[in-house]
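Asks: Next one to model:
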Amino acid sequence: MIETDLFDFAYVPDWYGQLDELSKMALPEPWRFKKPIYKTKNEDTPILERYIHIVFRKQSIDFNSERDARKAAGYFHVENECACFHTGLYTSRYKGIYACFDRNHKKTSMKDWYFRGFCDELSPFLKYVQPLPQMPSYYMAQNGAGFQPDWPIRVNVEHILGDTENLERIPAKIRKARNLPLLFETAVEIGRRKTVVEPGLIVPQGYQGKMQYLLPIYLTNEKKPDLALTLTVMEGYYLGNTCLTLEMAYLNARVISRPIAPWLTDLVK
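Replies: Numbering: from 1, shown residues only. Sure, this is the predicted structure:
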């Protein structure tokens, strides 16, 4: 068993510097928001930082859950003086990028491992690792080949508007509107109709091993969404239980792949 939190697993020196090097090594991609809602200590690569933490957690959990040692090594290689996992990112030459660790021999730290850095398969750090860990994969149980725009969406409005966190994600100027339940349900239905003409609006995200979809919801502006509704795949319909800020939606979507929907890509730079 290994720790499922990166900072519990290893001593990580110059973390922000390591992330900066990773951003230069990987295929070009925006790793910060244009106008962040919340201020973060990491102002340059906050999206990348969250991504790596989530991938580490996923790979370590899969490693711990696998009884077959060979299959476990496909998630996370841990042997003798070396540990590594595939970050899911690639270099400009489309070589996988790995996070590499050495045994920690520093007396000033109690962690078992020491983070060496990010590297591709040609690095000396990986010279004796064979086979290399596989790219993170997300088994998504879903009905059908993809989003079905003709399926109805059942919105749990009472839960969304009755939950403090969900309610605070709705624009303040309409938060106390008497007809907010009707307005919200109408916006969801219009959003569903939009996907019939613009299927690219729908963005996938993974939740507890299952596929969910993110639907942009337009409450105050017909051209710019205010938030995203998570859609859980049911038998012949979708269930909407939670709304997310657009930043939250981007972060969740990026775990699976780089978002290409304009309503999300407009958030980053």
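Asks: pretty sure Thr242 belongs to a strand, no?
Replies: Yes. Under DSSP: H, G, I helix; E, B strand; the rest coil, Thr242 falls within a strand.
Asks: Tell me where the model's unsure across the stretch 1-150 of the chain.
Replies: Scanning the stretch 1-150 of the chain for pLDDT under 70 picks out 139-145.
Asks: now the strands for it?
Replies: Remark: strands assigned in the stretch 1-150 of the chain by DSSP state E, counting those that start in this stretch are 10-11, 77-79, 82-90, 96-103, 113-120.
Asks: List the buried residues of the longest helix seen in the chain.
Replies: Secondary structure of the chain per DSSP state H: the longest helix is helix 46-65. Neighbour counts over helix 46-65 (16 or more other C-beta atoms under 10 Å) mark 46-52, 54-56, 58-60, 62-63 as buried. Every C-beta, even on glycine, is put in place using the N, C-alpha and C of the backbone.
Asks: same check, this time on stretch 255-269
Replies: Buried residues in stretch 255-269 (16+ other C-beta under 10 Å): 255-256, 259, 261, 263-264, 267-268.
Asks: and the residues you listed as CSV, adding pLDDT?
Replies: Shown next, in CSV, are these (pLDDT from 0 to 100):
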residue, pLDDT
Val255, 92
Ile256, 91
Pro259, 94
Ala261, 95
Trp263, 96
Leu264, 97
Leu267, 97
Val268, 96
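Asks: related to what we said a few turns ago, of all the buried residues of helix 46-65, which comes closest to Gly191?
Replies: Using C-beta to C-beta, Ile47 comes nearest to Gly191 of the buried residues of helix 46-65, at 24.4 Å.
Asks: and the residue lying closest to that closest one once chain neighbours are set aside, how many neighbours?
Replies: Closest residue to Ile47 apart from its sequence neighbours, by C-beta to C-beta, 6 or more residues apart in numbering: Trp31 at 4.7 Å. When neighbours are defined as other C-beta atoms under 10 Å, Trp31 has 22 of them.
Asks: what angle sits between the longest helix of the chain and strand 82-90?
Replies: 130 degrees (axes from the mean of the first three to the mean of the last three C-alpha atoms, to 10 degrees).
Asks: roughly how far apart are Asp163 and Thr242?
Replies: Separation of Asp163 from Thr242 (C-beta to C-beta, to the nearest Å) stands at 8 Å.
Asks: ok, Pro133 to Ile170 distance?
Replies: Counting by C-beta to C-beta, the separation of Pro133 from Ile170 is 42 Å.
Asks: go on, Gly88?
Replies: With C-beta to C-beta as the criterion, Gly88 and Ile170 are 33 Å apart.
Asks: Report all helices and strands that the helix or strand harbouring Thr186 contacts.
Replies: Using DSSP states H and E, Thr186 maps to helix 180-197. In this structure, helix 180-197 packs against strand 153-155, helix 157-162, strand 210-217, with contacts taken as 3 or more C-beta pairs under 8 Å, 6 or more residues apart in numbering; DSSP states H and E.
Asks: which residues are in contact with it?
Replies: Helix 180-197 is contacted from outside by 147, 149-150, 152-153, 155, 157-158, 160-161, 170, 174, 177, 201-202, 215-219, 229, 240, using C-beta atoms under 8 Å, 6 or more residues apart in numbering.
Asks: before we move on, the earlier item: next, format the buried residues of stretch 255-269 as CSV and append secondary structure and distance to Gln208.
Replies: Formatted as CSV, the buried residues of stretch 255-269 follow (DSSP: H, G, I helix; E, B strand; the rest coil; distance: C-beta to C-beta, whole Å):
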residue, secondary structure, distance to Gln208
Val255, helix, 13
Ile256, helix, 14
Pro259, coil, 21
Ala261, coil, 23
Trp263, helix, 25
Leu264, helix, 22
Leu267, coil, 25
Val268, strand, 26
